[in-house]
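Novice: Pasted the sequence and its predicted model underneath.
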2 protein chains.
Amino acid sequence: MLRPRIISYNEVLALLVAVMIFPLIACAGPASENGSVIPKQLVDQAVLLRERALLDNLSVDIVESLTTEVGARRVGTEGDKRAIAWAQAKFKELGFDRVWTEPVPVEYGWIRGDAKAEIVSPYPHDIVLTALGYSVGTAGDLQGEIVAFDDFEALEAVPEGNSLKGKIAFVAYSMADFVPKPGDSRMAGYGKGTRARTRGHVVAAKRGAEAIIIRSVGTDNNRYAHTGSGYGYEEGVRKIPAAAISPPDAILIENMLRRGGPVVFKMNMTSQITTSIMGANVIGEITGRSDPENYVVLGAHLDSWDEGTGAIDDGAGVGSMMAAAAMIGQMQQRPKRSIRVLLFAAEEIGLIGVREYYKANKINLDHHLLGAEVDGGGGRPHTLISGVGVNALPVVREMHKLIAPLGIAWSEANDAKGASDMSVLGRAGMPALNFMQNSNDYFDYHHTPNDTFDKIIPEDMRNLTAAYTTIFYLASEMEIDFRQ
Amino acid sequence: MLRPRIISYNEVLALLVAVMIFPLIACAGPASENGSVIPKQLVDQAVLLRERALLDNLSVDIVESLTTEVGARRVGTEGDKRAIAWAQAKFKELGFDRVWTEPVPVEYGWIRGDAKAEIVSPYPHDIVLTALGYSVGTAGDLQGEIVAFDDFEALEAVPEGNSLKGKIAFVAYSMADFVPKPGDSRMAGYGKGTRARTRGHVVAAKRGAEAIIIRSVGTDNNRYAHTGSGYGYEEGVRKIPAAAISPPDAILIENMLRRGGPVVFKMNMTSQITTSIMGANVIGEITGRSDPENYVVLGAHLDSWDEGTGAIDDGAGVGSMMAAAAMIGQMQQRPKRSIRVLLFAAEEIGLIGVREYYKANKINLDHHLLGAEVDGGGGRPHTLISGVGVNALPVVREMHKLIAPLGIAWSEANDAKGASDMSVLGRAGMPALNFMQNSNDYFDYHHTPNDTFDKIIPEDMRNLTAAYTTIFYLASEMEIDFRQ
């Protein structure tokens, strides 16, 4: 995905800076009076800023404001429109110099409607389920015998055809019980769950199933169903309803199946796919004092799923990124370069906002000096992974030393591409930082009605925000080219 | 509540036994070859039984069976009828010698119906709420400004009249944030919450309110509302709807109120009080081999609230009590005295089943030698409190030594009256034991949709069951009068 680029004025400038900095890095003796490649005055400022940020509750207050004054904000809904207005007003209130929106057209809209389900036999029970995003409805009651599969791969292993005709496919995979194998990524258990969530309806339909239900992709045992996107039916494949059931209800069904007889399930969902809708990315800028046309970018997504108030997903990202930039903006003078906070639309249904942003802004990609995103809740960062040029690397290592007291380790990988939305820009060539965070109980709550403000741990959020504030202050104040 | 009693044949017999046992207790030397007032052979049997019970998953399997094959079973519902049939069949399957039901008429029935609510302004939000048991419905949408009270006492402090006319009273008390004062009982935080739950609708109506909502009485921050009984409107006082809202929604409303302006709430509940219904206590007996007409009693309640499957409240009680008696029944011979497992109806709406039981059986109260009940979940017992006569006390202390290895302490109080339903019999004079249990996360789940089988911790349940099995084996095998 790397494309040939024309060298820009700023790159030439940055190259010159790099050439100037290089001897500082390469020489054996102390590079500056404090032994760092970062000037002592900047180090002092950064440390002061870090300490102030640790005491400043702004990031938490922003999440409180967003979840109270807006709440649920799935793209295209009234809540989303309120969120877009809220974000612009909040940027202005926080003293950002420029605030604007960029349109994000989305091909289809969706109405969640109601979702009810029950076990009809052998033992009647109400079942807690929720439609997966962009599922079709059931057109009245849909009833069928359950055919269970341990995981998505087991469903896929059934030959295409009609063997599931009249049946409801049930993928019982439990993320909570996933045991990683050596070499698995830390997201492997989630990834395995999302395969059924995003593709299950197509794969089940190709085997004749009338509907698919999956055990919620989450780590909890609460009686909530975790929604998520099933966006994208396949051309020429029958559109069948797709829903998630709560973990306790999945266990209940498995206990019934273990008794040997058929389990008959009835579901009724009034979900509906609609015509196209319009969302918007909202952008706030702290304009640089000497190099305003180049910017570091802090990302989060503004949209949320529609059953909670989107506190951890991704209010935590909105709060920490807005607060980090605002605190830098509250210093005596603007940093040299601009800081842009990018609040993306429609992340939840497939990074649609950032793709639109990229389409509109790729001509300026070189002006995106460095990016990072928070989209994993408000937990403390534990490791910083850079994704920068070899010349910039020693400087980022020095920057890291200023946040190491927050308990953040350094990773040698230097292969960061940016998290969530930001990965679209990172993979296109923008230097990036990934802050690995303690996920706390993120996957207990996310995509459920239970993602609410009380799940935010203020001390963790302040710690997270302080880390971003410190690093991005330095990144916006120093004349370093992170690409080199 | 203690009434004068006529001395019975059994009491005379027990007195004789006590006189025989007394020297064993009073003498300085060892009472039996193992230094206990309990014969060595019995001690050996009890220890063997305890160890077997620790390995036997029967109590957990019973909860699995009840929650899977029956599930929700509020008194008078179809689920309750299934539960009554299930309990009789299960007693028989487990080898109980006699199984019967006793009718429990209940003055009113209740249909839960649907419950929806939202904040209308200043910021629209859907609110998770549930009707409190036996609340009337709203007869369409009911809308009003919220007037918040810190707790029930603050609502009560408002003079009677019409000051809340057109308003919805909101009791914000949080059990999770309750700080006990010296001398408070360990249930003080719950007790404070239940006052608003059981009386709030009457007190609010007397001040003109259109409805009352309370923050759920629970210790969690999950987005569930905890139901509970509001049974009992007051003659001559307007019947207003009563509901509980989830803790996160209570926090949301408080955050809105903190902004200063009015908060307008809309609710719609289709609950309905109906005509009388019929429940049943279900009783299973392991018949004693030599003194069948006297019995120790193990209690739990069979009914549950209607949104979860009643695993911890009170499947755990049903499972542990049935299993304890069944395991004693599986020994080579029946114990001398009978063991009765009493599964009460309609506990959740005010101990109605046990009151009916008492009415029908008080003539035989003297035959109830000793009682105990589990109605606080499946957590491990940590302390045994006796409520027995002074002569029996040293014997019970010796019994306790056989369960001390399970981590159970001894309380000197000797003032136990029996827990939950059993307290009705205990206060009427029946000797009782209270096993104080670790409550685990009982008040996180109870009375919510989240009270499901997965919340049972099998190892804890086996431990709990082993304690009861051991003590009640001895109590049914020894000829001791716990009243003396």
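Specialist: Perfect, I can see it now.

Novice: Helices along the stretch 201-350 of chain A, start to end?
Specialist: With DSSP state H, counting those that start in this stretch as the criterion, the stretch 201-350 of chain A has helices at A:247-258, A:316-329.

Novice: Mean neighbour count, these: which tops it?
Specialist: Scoring the helices of the stretch 201-350 of chain A by mean neighbour count under mean count of other Cβ atoms under 10 Å in any protein chain shown gives helix A:316-329 as the most buried, with a mean of 28. Yep, even glycine has a C-beta here, placed from its N, CA and C like the rest.

Novice: For that helix, output the C-alpha coordinates as PDB.
Specialist: These are the backbone C-alpha positions of helix A:316-329, laid out as PDB (Å, rounded to 0.1, in the frame of the first residue of the first chain):
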ATOM      1  CA  ALA A 316     -12.100   7.300  26.000                       C
ATOM      2  CA  GLY A 317     -10.300   8.000  22.700                       C
ATOM      3  CA  VAL A 318     -12.200  11.200  22.100                       C
ATOM      4  CA  GLY A 319     -11.600  12.400  25.700                       C
ATOM      5  CA  SER A 320      -7.900  11.600  25.800                       C
ATOM      6  CA  MET A 321      -7.000  12.900  22.400                       C
ATOM      7  CA  MET A 322      -9.000  16.100  22.700                       C
ATOM      8  CA  ALA A 323      -7.600  16.700  26.200                       C
ATOM      9  CA  ALA A 324      -4.000  16.000  25.200                       C
ATOM     10  CA  ALA A 325      -4.200  18.600  22.300                       C
ATOM     11  CA  ALA A 326      -6.100  21.100  24.400                       C
ATOM     12  CA  MET A 327      -3.500  20.900  27.200                       C
ATOM     13  CA  ILE A 328      -0.700  21.600  24.800                       C
ATOM     14  CA  GLY A 329      -2.800  24.400  23.400                       C
END
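
Novice: what about that helix and chain B, any contact?
Specialist: No. Using Cβ under 8 Å from any Cβ of the partner chain, helix A:316-329 stays clear of chain B, coming no nearer than 14.6 Å.

Novice: Near chain B, which residues of chain A are found?
Specialist: Residues of chain A lying near chain B by Cβ under 8 Å from any Cβ: A:64, A:67-72, A:78, A:122-126, A:128, A:221-224, A:247-248, A:251-252, A:255-256, A:308-309, A:448-450, A:452-455.

Novice: per-residue confidence at the residue lying closest to residue A:272 once chain neighbours are set aside?
Specialist: Residue nearest to residue A:272 in three dimensions, not counting chain neighbours: residue A:111, with 4.5 Å by Cβ to Cβ, 6 or more residues apart in numbering or on different chains. If you check residue A:111, the pLDDT there is 96.

Novice: residue contacts, residue A:111?
Specialist: Residue A:111 makes contacts with A:270, A:271, A:272, A:274, as judged by Cβ atoms under 8 Å, 6 or more residues apart in numbering or on different chains.

Novice: I figured the last one hits residue A:109, correct?
Specialist: Yes. At 3.9 Å, residue A:274 and residue A:109 qualify as touching, with contact defined as Cβ atoms under 8 Å.

Novice: The two - which one has more neighbours?
Specialist: Higher neighbour count among residue A:274 and residue A:109: residue A:109, with 18 against 10, using other Cβ atoms under 10 Å in any protein chain shown.

Novice: which parts of stretch A:334-354 are buried?
Specialist: Within stretch A:334-354, the residues that count as buried by 16 or more other Cβ atoms under 10 Å in any protein chain shown are A:334-335, A:337-354.

Novice: From the residues of chain A next to chain B, list the buried ones, please.
Specialist: Among the residues of chain A next to chain B, those classed as buried by 16+ other Cβ under 10 Å are A:64, A:67-72, A:123-126, A:128, A:221-224, A:247-248, A:251-252, A:255-256, A:308-309, A:448-450, A:452-455.

Novice: Can you list the low-confidence ranges for chain A?
Specialist: Applying pLDDT under 70 to chain A picks out residues A:1-35, A:230-231.

Novice: quick one: contacts for the residue minimising distance to the centre of it?
Specialist: Residue closest to the average C-alpha location in chain A (Cα atoms, centre = their mean): residue A:375, at 3.3 Å. Neighbour list for residue A:375: A:299, A:300, A:301, A:313, A:314, A:317, A:347, A:419, A:420, A:421 [criterion: Cβ under 8 Å, 6+ apart].

Novice: Leaving out sequence neighbours, find the closest residue to residue A:103.
Specialist: Nearest one to residue A:103, counting by Cβ to Cβ, 6+ apart, is residue A:280 at 5.7 Å.

Novice: got the contact list for the one you found?
Specialist: Residues in contact with residue A:280 (Cβ under 8 Å, 6+ apart) are A:84, A:101, A:102, A:103, A:104, A:345.

Novice: Now do the SS call for the first one.
Specialist: So that's residue A:84. State at residue A:84, reduced to three classes by DSSP: H, G, I helix; E, B strand; the rest coil: helix.

Novice: so what's it up against?
Specialist: Here residue A:84 is in contact with A:101, A:279, A:280, A:282, A:302 (Cβ under 8 Å, 6+ apart).

Novice: Buried ones only from those, please, as a ChimeraX command.
Specialist: Burial among those is assessed by 16+ other Cβ under 10 Å; the matching ChimeraX selection reads:
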select /A:101,279,280,282,302
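
Novice: And the contacts of residue A:84, which is closest to residue A:289?
Specialist: Nearest to residue A:289 out of those is residue A:282 (Cβ to Cβ; 23.7 Å).

Novice: Excluding residues flanking it in the chain, which one is nearest the residue in the stretch 201-350 of chain A that chain B sits nearest to?
Specialist: Closest residue of the stretch 201-350 of chain A to chain B, Cβ to the nearest Cβ: residue A:248 (3.8 Å). Excluding its sequence neighbours, the residue lying closest to residue A:248 (Cβ to Cβ, 6+ apart) is residue B:452, at 3.8 Å.

Novice: mind checking how far the one you found is from residue B:249?
Specialist: Taking Cβ to Cβ, to the nearest Å as the measure, residue B:452 falls 21 Å from residue B:249.

Novice: Under a three-state scheme, what state does residue A:476 occupy?
Specialist: When classified by three-state DSSP, residue A:476 comes out as helix.

Novice: which residues sit against the helix or strand hosting residue A:191?
Specialist: Residue A:191 is located in helix A:188-205, with elements delineated by DSSP states H and E. Residues outside helix A:188-205 that contact it (Cβ under 8 Å, 6+ apart): A:132, A:135, A:151-152, A:155-156, A:164, A:169, A:171, A:173, A:175, A:178, A:180-181, A:185, A:211-212, A:214, A:217, A:228-234, A:237-242, A:244, A:443.

Novice: Report the buried members of those residues.
Specialist: A:132, A:135, A:151-152, A:155-156, A:164, A:169, A:171, A:173, A:175, A:178, A:211-212, A:214, A:217, A:228-231, A:233, A:240-242, A:244, A:443.

Novice: Residue A:110 pairs with what?
Specialist: The partner list for residue A:110 in beta bridges (DSSP bridges) reads residue A:273.

Novice: Based on its surroundings, how many neighbours for it?
Specialist: The local packing of residue A:110 (other Cβ under 10 Å) involves 24 other residues.

Novice: Against residue B:346, how distant is the residue nearest to residue A:293 when sequence neighbours are not counted?
Specialist: Of all residues not flanking residue A:293 in the chain, residue A:367 sits nearest, at 6.0 Å (Cβ to Cβ, 6+ apart). With distances taken as Cβ to Cβ, residue A:367 is found 71 Å from residue B:346.

Novice: try residue A:88
Specialist: Distance, residue A:88 to residue B:346, using Cβ to Cβ: 56 Å.

Novice: can you check residue A:175 too?
Specialist: Distance of residue A:175 to residue B:346, given as Cβ to Cβ: 39 Å.

Novice: Now do whichever residue of the stretch 351-484 of chain A sits closest to chain B against residue A:78, distance only.
Specialist: Closest residue of the stretch 351-484 of chain A to chain B, Cβ to the nearest Cβ: residue A:452 (3.8 Å). With distances taken as Cβ to Cβ, residue A:452 is found 19 Å from residue A:78.

Novice: Residue A:229 too?
Specialist: Residue A:229 is 20 Å from residue A:78, by Cβ to Cβ.
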